[in-house]
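Asks: fold the following, please.
(chains A and B)
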Amino acid sequence: MLVKIRKASDVRPSEITSQSAYMKRRQFLKAGVSAFAGLGLARAGISEAAIQQGPGRLEKIPGIRETDYRPQEAITEYEHITTYNNFYEFGTGKSDPHRNAGTLRTRPWTVVVDGECEAPGEIGIEEILSGFTQEERIYRFRCVEAWSMVIPWVGVPLADLLKRFKPTSDARYVAFETLHDTEQMPGQKLPVLEWPYREGLRIDEAMHPLTLMATGLYGEVLPNQNGAPLRLVVPWKYGFKSIKSIVRISFTKRQPDATWNMQNPREYGFYSNVNPDVDHPRWSQKSHRVIGAGLFAGKEETQLFNGYGEEVAGLYAGMDLRKEF
Amino acid sequence: MASLQQRIRWSKPVLFLACLLPLFLLVLRAVNDDLGANPVEALTHDTGDWALRFLLASLAVTPLRMLTGRSWLIRYRRMLGLFAFFYALVHFTIYLWIDQGFLWSEIIADILKRPYITLGFAAFLILVPLAMTSTKGMLRRLGKRWIMLHRLVYASALLGILHFVWLVKADYREPGLYLLIFLLLMLFRIPPLKRRLQHA
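Replies: This is a model prediction of the structure:
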């Protein structure tokens, strides 16, 4: 399912040339194919190259479908996305997950789905990869620490995955849990957070077409430090809502626990929608630093709902976003 | 064989260069585009860390003298203190210039509204008069008052460490270590302990 109303300001996918596609085309041209033969081939080449290509160190995800979810901003480099992470299960430094996440075993991997649904059960990562159409979704990503990236995710709309388990009318929320295993996730030996990491969404947030269960990055399976093999992506919320390495999904009647909210409810609300008008008690959320923009680029203004207001503001109609932050 | 005087004379430039090494390495990383995904944060954190380290190093001189009886260690204290000020100045400049882009309204709001920035700013402000009165002439002129004034370094170090504590989201180990070292070094300033060590 893909419901997308094009805004006048949106750049068409056809207008964007990614760096990798550009380089490919350069190489293509250099190969000296005649202009006539090149025309037909180039068309095929472009649609193939339209999916962002990673450096090829990880398994490629086959048959990824291109979508219109492409912001105007430049896509963040693979190196930056995979070396600057908050994933306390592998250490609290930004480069710790990149260094330490090798201990995580992502195959086999099973997710338990239970709670208020008619068809509780389990689903393996292979089944998620082969049983659903994988889409490329290029989303803005805004961390609560006031930095941002633009990330070419690959994944499945969460709604498609959840519907398979037939949630009942009592399913008002969805709870998520990360793997809890101190051998594979040595950072869990330290009590910096209450393990396992937990997050939750309201059912309408979970079913929103923007909400993604990500399986990949740059056309390849997720690197461990980015939450392999399966992580949530909710682009209008602060990054910590996008829980990584998920092993359990539960439909619940009541609002579930969320790790950072439990850690400090004054600083991290359950909703945690990106909002420049609600500061973090210790720092401003009005602007953010764009990762990869360079030392002297300055900051960008943060947009309400991270710029996805047109799509998601309706979810919060009538709510006081200052109180329910 | 070189006298103690001579050894101190040539060791000072060596220490001076050693104290510049962290800055040199940082500039090298910046030039080589090796500061990672968030270079502004890397520069800010690194210079802040070194300001705190030099502050603690300068506070460690007196305890080391007491424990080892090597009174000539005092000759290096001013340089360590001035380097603490230097790294704090670089840290503050990076914040004003690269982080905030000299947007004074934002900066003033930050200093007033964000407790961790308020503390860091206070820690820096305290160091300014200490650096200005660090010369031999000022030491002579101020006499006893110089010692009183320079005891403010304790407040600066504590505020600087709290500035770090307050910024952290969940993992307090690193700022906790700084705080622990600070408290240990402060033990040596408790009069009974001080007397005992001096007479030992």
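
Asks: show me the contact partners of the helix-or-strand element of chain B with minimal mean pLDDT.
Replies: The weakest-scoring helix or strand in chain B, judged by mean pLDDT, DSSP states H and E, is helix B:191-199 (a mean of 78). Helix B:191-199 has contacts (C-beta atoms under 8 Å, 6 or more residues apart in numbering or on different chains) with B:66-67, B:187-188. Heads up, the C-betas are built off the backbone N, CA and C, glycines and all.

Asks: how far is it from where the chain is centred?
Replies: Helix B:191-199 has its C-alpha centroid displaced from the chain centroid by 25 Å (C-alpha atoms, centre = their mean, to the nearest Å).

Asks: and the helices in the stretch 201-325 of chain A?
Replies: Assigned helices in the stretch 201-325 of chain A, in chain order: A:203-206, A:259-263, A:309-312 (criterion: DSSP state H, counting those that start in this stretch).

Asks: ok, back up a step: now, the contacts of helix B:191-199 that are in helices?
Replies: B:66-67, B:187 (DSSP state H).

Asks: just the pLDDT for residue 18.
Replies: Reading this off chain A. Listed pLDDT for residue A:18 reads 54.

Asks: that was the other one, I meant chain B.
Replies: The predicted local confidence for residue B:18 is 97.

Asks: buried sites along the strand or helix carrying it?
Replies: Using DSSP states H and E, residue B:18 sits in helix B:4-31. Across helix B:4-31, burial judged by 16 or more other C-beta atoms under 10 Å in any protein chain shown covers B:19, B:22-23, B:26, B:29.

Asks: how about the residues of chain B near chain A?
Replies: B:30, B:35-41, B:43, B:98, B:101, B:106, B:109-110, B:114-116, B:166-167, B:169-171 (C-beta under 8 Å from any C-beta of the partner chain).

Asks: just the buried residues of those residues.
Replies: When the residues of chain B next to chain A are checked for burial by 16+ other C-beta under 10 Å, the buried set is B:35-41, B:43, B:98, B:106, B:110, B:114, B:116, B:166-167, B:169, B:171.

Asks: for residue A:76, helix, strand, or coil?
Replies: coil (DSSP: H, G, I helix; E, B strand; the rest coil).

Asks: doesn't residue A:143 make contact with it?
Replies: No: the pair residue A:76 / residue A:143 is not scored as a contact, 12.0 Å apart, by C-beta atoms under 8 Å.

Asks: more neighbours, these two?
Replies: More crowded of residue A:76 and residue A:143, by other C-beta atoms under 10 Å in any protein chain shown: residue A:76, with 23 against 19.

Asks: now for that one: which residues touch it?
Replies: Here residue A:76 is in contact with A:149-151, A:291-292 (C-beta under 8 Å, 6+ apart).

Asks: distance from stretch A:70-77 to the middle of the chain?
Replies: 14 Å.

Asks: what of stretch B:162-181?
Replies: Counting by C-alpha atoms, centre = their mean, stretch B:162-181 is centred 16 Å from the centre of its parent chain.

Asks: any buried residues in that stretch, and which?
Replies: B:162-169, B:171, B:175, B:178-179, B:181.

Asks: ok, so of the residues you listed, who is nearest chain A?
Replies: residue B:171 (3.8 Å; C-beta to the nearest C-beta).

Asks: I'd guess that closest one is in a strand, am I close?
Replies: No: under three-state DSSP, residue B:171 falls outside any strand and is assigned coil.

Asks: assign a three-state SS to the residue nearest to it when sequence neighbours are not counted, would you?
Replies: Among residues not flanking residue B:171 along the chain, residue A:92 sits closest, at 3.8 Å (C-beta to C-beta, 6 or more residues apart in numbering or on different chains). With three-state DSSP as the basis, residue A:92 sits in coil.

Asks: residue A:92 contacts residue B:175, doesn't it?
Replies: No: contact between residue A:92 and residue B:175 fails when scored by C-beta under 8 Å: they sit 11.9 Å apart.

Asks: return the member of the contacts of residue A:76 nearest to chain B.
Replies: Distance to chain B across those (C-beta to the nearest C-beta) is lowest for residue A:291, with 4.9 Å.

Asks: and for the closest one, the neighbour number?
Replies: Residue A:291, neighbours per other C-beta under 10 Å, totals 22.

Asks: quick one: residues contacting it.
Replies: Contact analysis of residue A:291 by C-beta under 8 Å, 6+ apart lists A:76, A:80, A:84, A:147-149, B:37-38.

Asks: and those as JSON lines, adding distance to residue B:85, secondary structure and pLDDT?
Replies: Converted to JSON lines, the contacts of residue A:291 look like this (distance: C-beta to C-beta, whole Å; DSSP: H, G, I helix; E, B strand; the rest coil; pLDDT from 0 to 100):
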{"residue": "A:76", "distance to residue B:85": "37", "secondary structure": "coil", "pLDDT": "98"}
{"residue": "A:80", "distance to residue B:85": "34", "secondary structure": "helix", "pLDDT": "97"}
{"residue": "A:84", "distance to residue B:85": "31", "secondary structure": "coil", "pLDDT": "97"}
{"residue": "A:147", "distance to residue B:85": "29", "secondary structure": "strand", "pLDDT": "97"}
{"residue": "A:148", "distance to residue B:85": "34", "secondary structure": "strand", "pLDDT": "98"}
{"residue": "A:149", "distance to residue B:85": "36", "secondary structure": "strand", "pLDDT": "98"}
{"residue": "B:37", "distance to residue B:85": "30", "secondary structure": "coil", "pLDDT": "95"}
{"residue": "B:38", "distance to residue B:85": "26", "secondary structure": "coil", "pLDDT": "96"}
